[in-house]
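Student: Model the following, please.
(chains A and B)
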Amino acid sequence: MARKLSGMWRLAAVLTLLAPALLAHHSFGAEYDATKPVTLTGVITKIDWTNPHSYFFIDVKDDKGKVANWKLEGYPPSVLSRTGWKKDVTMKVGDTVTVFGWHARDGSNWAHSREVTLENGKKLFFGPPAGTGDGGNTPAVEVAK
Amino acid sequence: MTRGLAATVLIVLLPASVFSQAKKNAVPRASNGKPDLTGVWQGGSDRRGTWEEANTGFGVGGTGQDSAAPAAPSSNDRPAGREGAPYQPWAAQKVLDSYNKRAIDDPTSRCLPSGIPRIVTLGLFPQQIVQTPTQIVMLYEYMNVFRVIPLNAKHPDDLIPAYMGNSVGHWEGDTLVVDVTGFNDKTWLSGTGTFHSEELHITERFTRVDKDRINYDVTMEDPKVLTKPWILHSSLMLREGTRLQEYVCAENNQDPESYEKLLKDGAKITRQ
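Tutor: Next up is the predicted model:
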């Protein structure tokens, strides 16, 4: 598990550094904090295959057994279908999954979902890398101070 | 003479596969002899192959098997290698302000059409071109918008300012040249905050250079906000086997509400 986590953190570091470009619809940085990667394991309670973004919700149990419901956001249905997902087949309510992503800026139980490890161990991307949709690393113009 | 003989020998010696490969990569032609642009294409990419082959790794989201695959540009991102936008100083400041607000001003966050060339260089969603001898139709999965482009026609004189403008086209040799005018001022050109006025005039050049690739060269002119024409070079790559799907953005758009709440709660969303 420690090894797996270390891999996740390495992935997080690489993605954060590279984080060049791309979001389906809007700015990643407006809602999510790329400096706050999060890995969650929980049971799916609801899946919304909707535009412009899809969502799924998982119950995550902490060390004391307390359960919190998390909201995870990602690609719209058409992009998910091109990314290897099948609605109602790949991931279902009741499945236990592990999600890697980035925490929302408001600190609530809400995160951007990049990679999902499914019950069968298969990994699929549910959303784009951090930093996407922010216009790249530099703005389109430079303004003299 | 010797050179001619050498060339003949070379051609004879070249394996047949070289010729069949060249034929396979040849530009498809319509019945009128013009390059046929018909097909499903991905903007903002220069990778050959199917959608899955070209978009693994960090890209649009594929299987993650090829970690070297580049990310595909979203509708907010600048195409690689593009020159800086030649905005007038006051306009450049406005672009920067939008950038620093992390795209909160983005018209597409309210599900409005993304305009041109932004929608053409976007890589996350496919686009389709249907070519006939008299008109060319361009369909975009993103926001489910379309362009009907009559050939050798004039712009109507009763244009109402529009998100996607009004397009007319003609052939210059093997290049389809599309003239677009009649824009409203509610879209972004290419990259966060790149606004324009209703005086925007765009000239697009589509050149299919081989079976897999269309070179897409765009010139944007807007004397109200730019100091000179802004030129962008990008490409569209053929994605055989991909189909356009529905994208009804307004279905469950939680973004404007999220942004407002984040701002109200004092979340720091200014670029650091």
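Student: for stretch B:193-210, how far is the first residue from the last?
Tutor: 34 Å (Cα to Cα, to the nearest Å).
Student: Briefly note if it comes near chain A.
Tutor: Yes - contact check for stretch B:193-210 against chain A, using Cβ under 8 Å from any Cβ of the partner chain: residues in range are B:G193, B:T194. Yep, even glycine has a C-beta here, placed from its N, CA and C like the rest.
Student: And that stretch, what's buried?
Tutor: B:193-196, B:200-208 (16 or more other Cβ atoms under 10 Å in any protein chain shown).
Student: Flag the shaky bits of the stretch 51-200 of chain B, pLDDT-wise.
Tutor: Under the criterion of pLDDT under 70, the regions of the stretch 51-200 of chain B flagged as low confidence span B:57-83, B:102-103.
Student: Let me see the ranges of the helices in it.
Tutor: Using DSSP state H, counting those that start in this stretch, the helices of the stretch 51-200 of chain B run over B:51-54, B:89-100, B:118-121.
Student: now chain A
Tutor: Residue ranges of the helices in chain A, as given by DSSP state H, are A:2-18, A:28-31, A:77-82.
Student: hey, least reliable of the ones you listed by pLDDT?
Tutor: Least confidently modelled of these is helix A:2-18, at a mean of 38 by mean pLDDT.
Student: What is the neighbour count of B:V248?
Tutor: Counted by other Cβ atoms under 10 Å in any protein chain shown, the residues lying close to B:V248 total 15.
Student: Next: the one 5 residues further on.
Tutor: Using other Cβ under 10 Å, the number of residues around B:N253 comes to 20.
Student: any idea how far it lies from A:S81?
Tutor: When Cβ to Cβ, to the nearest Å is applied, the distance between B:N253 and A:S81 equals 20 Å.
Student: Equivalent analysis for B:E260, please.
Tutor: 31 Å.
Student: neighbour count winner among the two?
Tutor: A:S81 (15 against 11).
Student: centroid residue for chain A?
Tutor: Against the mean C-alpha coordinate of chain A, by Cα atoms, centre = their mean, the closest residue is A:S113 at 1.0 Å.
Student: surely that residue meets A:F126?
Tutor: Yes - counting by Cβ atoms under 8 Å, A:F126 is a contact partner of A:S113 at 4.4 Å.
Student: which one is residue 110 nearest to, not counting chain neighbours?
Tutor: The chain I'm using is chain A. Excluding its sequence neighbours, the residue lying closest to A:W110 (Cβ to Cβ, 6 or more residues apart in numbering or on different chains) is A:A104, at 4.0 Å.
Student: try again with chain B
Tutor: Looking at B:R110 with Cβ to Cβ, 6+ apart, the closest residue is B:P256, at 5.9 Å.
Student: host element of that neighbour?
Tutor: Following DSSP states H and E, the helix or strand that holds B:P256 is helix B:255-264.
Student: What are the buried residues along that helix?
Tutor: Buried residues in helix B:255-264, defined by neighbour count with 16+ other Cβ under 10 Å: B:D255, B:S258, B:Y259, B:L262.
Student: Now do stretch B:115-123: distance to the chain's middle.
Tutor: Here stretch B:115-123 shows a centroid-to-chain-centroid distance of 4 Å under the convention Cα atoms, centre = their mean, to the nearest Å.
Student: what's the span of that stretch from first residue to last?
Tutor: With Cα to Cα as the measure, stretch B:115-123 spans 15 Å from end to end.
Student: now swap in stretch A:64-82 and tell me
Tutor: Taking Cα to Cα, the first and last residues of stretch A:64-82 lie 39 Å apart.
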